[in-house]
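[1] fold the following.
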Amino acid sequence: MFFLSRINFPKSGSSTLEHKGRLVGPIPVSRKLQGRRVAYQSRFIDIGPRWSSVWCAVQGGLHSKRTFRRKDPMDRRLQWKPIARGYQSLYVSELTRGLHNKRVPRPRLRATNPEMGRITQRSLHDGYYFKGPSRFNRGPYYPSTDGRVF
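    Purely as a prediction, here's the structure:
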């Protein structure tokens, strides 16, 4: 899909100052949660509060960490190993790219319980009449006229 731009680009192969409007493609739109991918959710977990969360690699497993004395095996603690800060900022930038308001806290890697509750509490959660996978298998949507005053 192309639209006529208001910017006048020079004609190809001309050295004079004649300008001609060219067709410019639309700006790509980033979806709000396009960084919430299955590949990320299977490889990483999001640990910590919203303002300082750390992504930890699940594939490496739990790493042991000695906390107190060296010889006591009971003092070994298992912890997730966080990924490097630069890699985390690369992954998180996809989550925050769709948010234009920078003061809004960034979304988590997985949907939280309140977020899932907000989605499933809608009255037409199973068959949402304007979107959803089952919209093609459904009859026409008729809004209820119970509360209408004639």
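
[2] helices and strands of the chain: which one bottoms out on pLDDT?
    Within the chain, no helix or strand scores below strand 19-24, which has a mean of 54 by mean pLDDT, DSSP states H and E.

[3] right, and the helix or strand after it?
    Moving toward the C-terminus from strand 19-24, the next helix or strand (DSSP states H and E) is helix 38-43.

[4] give the next helix or strand downstream of that next one.
    strand 44-47.

[5] remind me, longest helix of this structure?
    What stands out as the longest helix in the chain, according to DSSP state H, is helix 85-96.

[6] which neighbouring elements make contact with that one?
    Secondary structure elements in contact with helix 85-96, counted by 3 or more Cβ pairs under 8 Å, 6 or more residues apart in numbering; DSSP states H and E, are strand 54-57. Placement of C-beta: from N, CA and C, glycine included.

[7] counting contacts, what elements does the strand it packs on pack onto?
    Counting contacts by 3+ Cβ pairs under 8 Å, 6+ apart, strand 54-57 packs against strand 44-47, helix 85-96.
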